[in-house]
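S.K.: This is the structure alone, sequence omitted:
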């Protein structure tokens with residue numbers, strides 16, 4: 001019997017009992033759609049996050065921290081005299097120069113995290129808590145997703161800042177960030193701040209007059225630094241300085257890290273550079289290719305005794321959770337396919353009972369057992385194929401309906417990516433092939449049972 005004959009007979013037999021066949025196919029559709037849509041969501045989310053990092057070159061970056069044991073994420077503390085972290089190595093300009101000369105390294109960005117210098121940001125009558133003041137070289141290695149204005153440039157000096165969108169939202173400029181560009185805010189220092197902009201003479205006099213031999217808590221007048229906002233960065237972006245961050249130029253941060261004091265009785269001004277004393281908070285090293293990042297990070301750890309974590313290894317490990325979720329959800333959908341397979345077995349057995357006399361006639365006119373076996377196996381496989389194809393089609397329609405909803409959510413979070421839900425080709429083929437194989441396996445027993453019918457007894461069957 002020709003292959004086309006099997007197709008013709010299988011379609012004809014399926015159409016005999018339209019309702020029963022439709023319900024059987026519908027059960028397979030439910031299972032295949034469940035598997036397809038759940039895996040589509042999981043892998044679309046994984047690919048979206050992965051693409052965000054790839055697009056910005058983050059996979060080519062290595063974080064270098066004074067702490068020897070670190071995790072990638074740009075939230076590692078530096079070394080300072082108040083730090084309880086042991087095993088810190090101060091990152092100096094000498095180390096920066098040596099790292100920049102390593103093979104495959106194409107650039108290094110120095111970073112300063114100004115710790116505990118400011119406790120408030122004032123704009124009009126509003127005061128917001130200062131969570132993080134950050135500065136890093138404006139050399140293009142670390143970039144921010146800007147929603148309004150511009151990022152900090154190498155030519156910028158003291159008096160300009162960029163803020164993250166969560167600050168702008170709290171100040172009342174949500175969805176209207178451009179109006180905040182050019183506005184002036186006040187950075188309110190903590191007590192005893194003695195960096196750039198402070199008045200060490202007046203502070204020293206205050207301490208001499210009110211703080212010495214005083215049992216009360218002494219708090220010298222705070223310093224207020226004016227700053228013009230030149231840009232708003234996206235706080236929801238997986239790349240960039242992070243949430244609730246004020247970014248300042250490197251030259252200004254260096255001044256903030258200076259400790260000024262008046263020496264008595266000579267009244268001489270003493271300046272202690274905390275940056276020289278404690279080193280940079282961390283470095284961002286960029287390599288020529290993401291595949292070289294892990295090896296360069298290992299070299300940095302070995303040669304300089306500092307901590308180094310490459311982005312690609314860390315992010316891949318974090319994204320592996322999506323694979324686990326995919327397996328779990330795929331297994332849940334697989335249960336529905338097993339139930340559908342039971343329905344296929346039931347449908348095929350019922351078909352054999354209804355067509356017993358027909359099978360006897362086919363055997364009487366010369367049909368072999370192998371022909372009967374293949375006919376029923378092909379029919380069961382066709383049920384699985386149709387169910388899988390319709391399930392994939394339904395999943396595709398659901399992604400078309402879901403993308404506009406997700407696009408609105410992304411837009412609301414200031415993320416430019418669109419239509420992230422997409423069925424990968426391998427998933428389409430896997431679902432259709434999988435349901436076809438399930439149908440084939442479910443049809444093996446009924447097909448064998450039909451092939452083993454005695455022709456004489458089958459002809460007598462009423």
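M.R.: Alright, I've got the coordinates. These numbers were taken from a predicted model, which means no experiment stands behind them.
S.K.: Tell me the buried residues in stretch 279-296?
M.R.: By 16 or more other CB atoms under 10 Å, the buried positions in stretch 279-296 come out as 279-287, 290, 292-294, 296. Where C-beta positions appear, they are placed from N, C-alpha and C, glycine not excepted.
S.K.: Filter these down to the ones in helices?
M.R.: 293-294, 296 (DSSP state H).
S.K.: can I get those residues in CSV with pLDDT and distance to residue 116?
M.R.: Formatted as CSV, these follow (pLDDT from 0 to 100; distance: CB to CB, whole Å):
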residue, pLDDT, distance to residue 116
293, 89, 32
294, 89, 35
296, 92, 33
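S.K.: Quick check, pLDDT for the most centrally placed residue in the chain.
M.R.: Central residue of the chain (CA atoms, centre = their mean): residue 49, 3.5 Å from the mean position. pLDDT recorded at residue 49 is 80.
S.K.: Likewise for the one 4 residues further on?
M.R.: The confidence metric pLDDT takes the value 78 at residue 53.
S.K.: what separates it from residue 28, distance-wise?
M.R.: Distance, residue 53 to residue 28, by CB to CB, to the nearest Å: 38 Å.
S.K.: same check, this time on residue 287
M.R.: Note on residue 287: its distance to residue 28, by CB to CB, is 49 Å.
S.K.: Which of the helices or strands spans the residue nearest to the centre of the chain?
M.R.: Here residue 49, judged by DSSP states H and E, is contained in helix 18-55.
S.K.: Show me how the chain divides into domains.
M.R.: 3-53+319-460, 113-276 (automatic domain parsing).
S.K.: ranking those domains by mean pLDDT, which is last?
M.R.: domain 3-53+319-460 (a mean of 81).
S.K.: From the chain's centroid, how far away is that one?
M.R.: Here domain 3-53+319-460 is found 32 Å from its chain centre; the criterion is CA atoms, centre = their mean, to the nearest Å.
S.K.: quick revisit: right, and the residue nearest to the centre of the chain touches residue 319 too?
M.R.: Yes. Contact between residue 49 and residue 319 holds when scored by CB atoms under 8 Å: they sit 6.4 Å apart.
S.K.: Identify the neighbouring strands of the helix or strand that the helix holding residue 49 is followed by in the sheet and state each direction.
M.R.: Next helix or strand after helix 18-55 toward the C-terminus (DSSP H and E): strand 61-65. If you go by DSSP bridges, strand 61-65 pairs up with strand 282-287 (antiparallel), strand 307-310 (antiparallel).
S.K.: And the ones you listed: which comes nearest residue 427?
M.R.: strand 307-310 (29.7 Å; CB to CB).
S.K.: returning to that earlier point: so which of residue 53 and residue 28 has more stuff around it?
M.R.: residue 28 (30 against 20; other CB atoms under 10 Å).
S.K.: Now the helix holding residue 49: buried residues?
M.R.: Neighbour-count burial for helix 18-55, counted by 16+ other CB under 10 Å, picks out 20-21, 24-25, 27-50, 52-53.
S.K.: Show the secondary-structure elements that that helix is packed against.
M.R.: helix 311-354, helix 369-412, helix 425-451 (3 or more CB pairs under 8 Å, 6 or more residues apart in numbering; DSSP states H and E).
S.K.: Turn those helices into JSON lines, columns for mean neighbour count.
M.R.: As requested, the helices and strands packed on helix 18-55 are exported to JSON lines (neighbours: other CB atoms under 10 Å):
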{"stretch": "helix 311-354", "mean neighbour count": "16"}
{"stretch": "helix 369-412", "mean neighbour count": "19"}
{"stretch": "helix 425-451", "mean neighbour count": "19"}
